[in-house]
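Undergrad: need a structure here:
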Amino acid sequence: MLRPQLNDALKAAMLGKDARTVSTVRLILAALKDRDIAARPKGVADGVSDDEIRQMLQSMIKQRRESIAMYEQGNRPELAKQEADEITVIERFLPRQMDEAETAAAVKAAIAATGAGGIKDMGKVMAALKGSHAGTMDFAKAGAVVKKELGG
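TA: Here you go, the predicted model:
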């Protein structure tokens, strides 16, 4: 589902001469091709699933946010803006992200579902969240909420 959407976005951006979108979508497609190649020895001939693509997009956004912080520290606002523009393009391919209240509710539900009793069960809770909310949740923020809820 996401693959044709990415290819269509690349074509539209090329026709519209939108250089930022073209370069960002090409980066996404290159990373996707790398993932597909890495998955072949595991018997995945058709390419990675949409859920894995969403996780890849989430990690690309996370990398860019880290880069923005570094560029701002280094007084390079033009590079920080470029990274922010790339985040905007990448986010077009992801479903709407959960807000803090929705994340907290999902964390409480996952804790109840897994029967987690302490911080040692954090991995179990995070695995449940990743299984049910891939692509819609910022797991870095969710991890902090899980830690707080489990008393860490």
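Undergrad: sec struct for the residue nearest the centre of the chain, please.
TA: Centroid-nearest residue in the chain: Gln58, 1.0 Å away (criterion: C-alpha atoms, centre = their mean). Secondary structure, DSSP: H, G, I helix; E, B strand; the rest coil: Gln58 is helix.
Undergrad: what do you get for Gly151?
TA: coil.
Undergrad: do Met98 as well
TA: Strictly by three-state DSSP, Met98 counts as coil.
Undergrad: over to the nearest residue to it once chain neighbours are set aside: give its phi and psi.
TA: Nearest residue to Met98 in three dimensions, chain neighbours excluded: Met137, at 5.0 Å (C-beta to C-beta, 6 or more residues apart in numbering). Backbone N, C-alpha and C define where each C-beta goes, glycine included. The phi and psi values for Met137, taken as degrees, to the nearest 10, are phi -130, psi 140.
Undergrad: Met137 contacts Pro95, doesn't it?
TA: No - here Met137 does not reach Pro95: they are 10.0 Å apart, not a contact under C-beta atoms under 8 Å.
Undergrad: so between the two, which is more surrounded?
TA: Met137 (20 against 11; other C-beta atoms under 10 Å).
Undergrad: is it true that Ala9 touches Arg26?
TA: No - with contact defined as C-beta under 8 Å, Ala9 and Arg26 do not form a contacting pair (10.5 Å).
Undergrad: show me how this protein divides into domains.
TA: Using automatic domain parsing, the domain parsing of the chain gives 2-91, 100-149.
Undergrad: lowest average confidence across those domains, which one?
TA: Per-stretch averages of pLDDT across those put domain 100-149 at the bottom, with a mean of 87.
Undergrad: and it, how far out from the chain middle?
TA: Distance of domain 100-149 from its chain centroid, counting by C-alpha atoms, centre = their mean, to the nearest Å, is 16 Å.
Undergrad: what does Gly43 show for phi and psi?
TA: Per degrees, to the nearest 10, the backbone of Gly43 is at phi 90, psi 10.
Undergrad: Val146 too?
TA: phi -60, psi -50.
Undergrad: re the thing from before, Ala9 and Arg26 - which one has more neighbours?
TA: Ala9 (20 against 14).
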